[in-house]
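Peer 1: sequence first, then the predicted structure, then my questions.
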Amino acid sequence: MVTPVPLHLGALHAYEQVLVLLLAFGPFVVLGIVVALQRRRAIEEERAEVERDEGADPLR
């Protein structure tokens, strides 16, 4: 029996299936990477700010 999911696109070659998957999920992968990098940058900035505040002279 033939699976119904691939039939809606017709018979695809292996490279065409890879292209379809990249187009379908690629933007979400890129978005996830961007979000992870931005979170890492924000955490580092927050740590640097806390260190600056802790190192400041409290009498001033």
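Peer 2: Sure thing, it's come through.
Peer 1: now do the helix ranked longest in the chain, average pLDDT.
Peer 2: Ordering each helix of the chain by length in residues (DSSP state H) puts helix 14-55 first. Averaged over helix 14-55, pLDDT sits at 94.
Peer 1: so how far is it from its chain's centroid?
Peer 2: 4 Å (C-alpha atoms, centre = their mean, to the nearest Å).
Peer 1: got it, and stretch 42-60?
Peer 2: 29 Å.
Peer 1: distance-wise, check Ala42 relative to Leu22.
Peer 2: 29 Å (C-beta to C-beta, to the nearest Å). Every residue, glycine included, has its C-beta placed from N, CA and C.
Peer 1: go on, Glu44?
Peer 2: For Glu44, the distance to Leu22 - C-beta to C-beta - is 31 Å.
Peer 1: what does Arg40 give?
Peer 2: According to C-beta to C-beta, Arg40 stands 25 Å off from Leu22.
Peer 1: no more questions from me, cheers.
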